[in-house]
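S.K.: Please work out how this folds:
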Amino acid sequence: MTEISGKVAIFEPSLRSRVAPFIAMDVLGAAGMLERAGRDIVHLELGEPGAPAPRPVLEAARAALDGGRIGYTEALGRPSLRARIAAHYKASYGVAVDPACVVVTTGSSSAFVLSFLALFDQGARVAVAAPGYPAYLNIFQALGIESVSLETGPQTRYVVTARMIEVEHARSPLQGVLLMSPSNPSGVMMGDDELKAVCETCDRLGIRFISDEIYHGLTYERPAATALAYSANAVVVNSFSKYFCMTGWRIGWLVLPDNLVRPVERLQQSLAISAPFLSQVGAEAAFHAIDELELVKAGYARNRALLLQELPAMGLGDFQPVDGAFYVYVDISRLTDDSGDFCKRILHEAGVAVTPGLDFDRARGRHTMRLSFAGSEAAVREGVKRIGGWLKRG
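M.R.: Coordinates of the predicted model:
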């Protein structure tokens, strides 16, 4: 019998696998270890809805299971789901989308990989906002794409402007721009005119624009606009994870210019074959759950109001307006210059898991931290109480 041991390293891992860790997931792991040791931990680290998938999703999935075989679907996704997603754009944004240009993916993560592979060759320069979602940079690194950070801050409301793109493109040509609105980690949303200007600038300069719209539906003062309203060339990424409360179902979508559909289909055929059948069935049913989902969103709004009131009273009031998503990105520079250690101490000493800004901004994130209010109102209230008490103890 051959004994397999993980202690003997025979082969070195590839260079492309040497990506930075996703720190929020590391925080989750550390919190889980404390919980298994008997500690009570409040989770404010992950952008994961605390609510379960809505009732119509569960009912549709159960019916599909009872119906028999769960198999592959077309690589682009079930036609009925693609048509329903297209109808969503007409109903929600007044934008006509051809169902043939919709691709169903295994979460937005798969959508990013597929779109990057279809759009960019190795060595391409793609601009992203800093601070921003950390997985972008890691996927780029693994694929041999050069990421270019467009540094934002309070002076720009954490929003990338068309002018910033023009300046960077003049310095050295960009092949792509990837932006998220509402954003992770700040929750800030681009204005309609700002988004329009970015779309028009990218089209004029021949830059491919990818719009990450996974937090659409989760806005609190005004609705978000889609890039599809301003450019037929934009690639849009969205997901059923956030607004639709289906994180573990791993189901998302792309809306593509028609000339990218077949390239993405070929990639999907080999990389995933298709998104999971059961998740696709549930996703189609999710559009019948809007009333239930709006109640969940109302809970986020209450959590948001709680944090906007309590954080300044605790000395943590230096953040931008939270237009959407379910995060507050707080400047903690008056308290520390090491957000990693600061958040580790909050976890171990206060029993609250939060994410250091280093996850979102490798150059300046040592002065910031992100709190997620996607969980229950009770959890957010308890987390605020514990952090406030911890800060008072010094």
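S.K.: use CA for all of it now, contacts and neighbours both
M.R.: OK.
S.K.: Using the record's assignment, carve the chain into domains.
M.R.: Domain assignment for the chain by automatic domain parsing gives 15-52+291-393, 55-288.
S.K.: Mean pLDDT for the ones you listed - can I get that in JSON lines?
M.R.: Below are the domains of the chain laid out as JSON lines (pLDDT from 0 to 100):
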{"stretch": "domain 15-52+291-393", "mean pLDDT": "95"}
{"stretch": "domain 55-288", "mean pLDDT": "97"}
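S.K.: could the ones you listed go into CSV alongside mean neighbour count?
M.R.: Listed next are those as CSV, based on neighbours: other CA atoms under 10 Å:
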stretch, mean neighbour count
domain 15-52+291-393, 19
domain 55-288, 19
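S.K.: Which residue ranges of this structure form strands?
M.R.: Here the chain has its strands, by DSSP state E, at 42-43, 102-105, 125-130, 146-151, 176-180, 208-212, 235-239, 252-255, 327-331, 352-353, 355-356, 368-372.
S.K.: so what's residue 42 closest to, chain neighbours aside?
M.R.: For residue 42, ignoring the flanking residues on the chain, the nearest one in space by CA to CA, 6 or more residues apart in numbering is residue 352 at 4.7 Å.
S.K.: could you measure the one you found against residue 27, distance?
M.R.: Note on residue 352: its distance to residue 27, by CA to CA, to the nearest Å, is 10 Å.
S.K.: Residue 147 too?
M.R.: From residue 147 to residue 27 the distance is 25 Å (CA to CA).
S.K.: do the same with residue 66
M.R.: Separation of residue 66 from residue 27 (CA to CA) stands at 38 Å.
S.K.: Repeat that for residue 205.
M.R.: Note on residue 205: its distance to residue 27, by CA to CA, is 40 Å.
S.K.: cool, and residue 78?
M.R.: Residue 78 sits 36 Å away from residue 27, going by CA to CA.
S.K.: any idea how far stretch 62-81 is from the chain center?
M.R.: What separates the centre of stretch 62-81 from the centre of its chain is 26 Å, taken as CA atoms, centre = their mean, to the nearest Å.
S.K.: what sits up against it?
M.R.: Defining contact as CA atoms under 8 Å, 6 or more residues apart in numbering, one finds that stretch 62-81 is touched by 99, 102-105, 265, 268-269, 273-278, 280-281, 283-284.
S.K.: would you list every one of the helices in this protein?
M.R.: Applying DSSP state H to the chain gives helices spanning 23-36, 55-66, 79-93, 107-119, 134-143, 162-171, 192-205, 258-271, 277-286, 290-313, 339-345, 377-393.
S.K.: do you know which of the ones you listed lies nearest residue 241?
M.R.: Counting by CA to CA, residue 241 lies closest to helix 107-119 out of these; the figure is 7.5 Å.
S.K.: Who are the packing partners of the closest one?
M.R.: Secondary structure elements in contact with helix 107-119, counted by 3 or more CA pairs under 8 Å, 6 or more residues apart in numbering; DSSP states H and E, are strand 235-239, strand 252-255, helix 258-271.
S.K.: Report the angle between that helix and strand 125-130.
M.R.: 150 degrees (axes from the mean of the first three to the mean of the last three CA atoms, to 10 degrees).
S.K.: In PDB, please show the C-alpha coordinates belonging to helix 107-119.
M.R.: The C-alpha coordinates for helix 107-119 follow below in PDB (Å, rounded to 0.1, in the frame of the first residue of the first chain):
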ATOM      1  CA  GLY A 107     -21.300  32.800  -9.400                       C
ATOM      2  CA  SER A 108     -19.800  36.100 -10.300                       C
ATOM      3  CA  SER A 109     -16.300  34.700  -9.700                       C
ATOM      4  CA  SER A 110     -16.700  32.400 -12.700                       C
ATOM      5  CA  ALA A 111     -18.100  35.400 -14.700                       C
ATOM      6  CA  PHE A 112     -14.900  37.400 -14.000                       C
ATOM      7  CA  VAL A 113     -12.600  34.600 -15.100                       C
ATOM      8  CA  LEU A 114     -14.600  34.000 -18.300                       C
ATOM      9  CA  SER A 115     -14.800  37.600 -19.200                       C
ATOM     10  CA  PHE A 116     -11.100  38.300 -18.400                       C
ATOM     11  CA  LEU A 117     -10.100  35.300 -20.600                       C
ATOM     12  CA  ALA A 118     -12.300  36.400 -23.400                       C
ATOM     13  CA  LEU A 119     -11.300  40.000 -23.300                       C
END
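S.K.: what residues does it touch?
M.R.: For helix 107-119, contacts defined as CA under 8 Å, 6+ apart pick out 105, 139, 143, 208, 214, 235, 237-241, 249-254, 260, 263-264, 267-268.
S.K.: repeat for stretch 271-288
M.R.: Against stretch 271-288 from outside (CA under 8 Å, 6+ apart): 54, 56-58, 60-61, 64-65, 70-78, 80-81, 84, 104-106, 240, 244, 249-251, 268.
S.K.: Ends of it, what's the gap?
M.R.: End-to-end for stretch 271-288, by CA to CA: 31 Å.
S.K.: so how far is it from its chain's centroid?
M.R.: How far stretch 271-288 lies from its chain's middle: 19 Å, per CA atoms, centre = their mean.
S.K.: Equivalent analysis for stretch 45-63, please.
M.R.: For stretch 45-63, the distance to the chain centre is 17 Å (CA atoms, centre = their mean).
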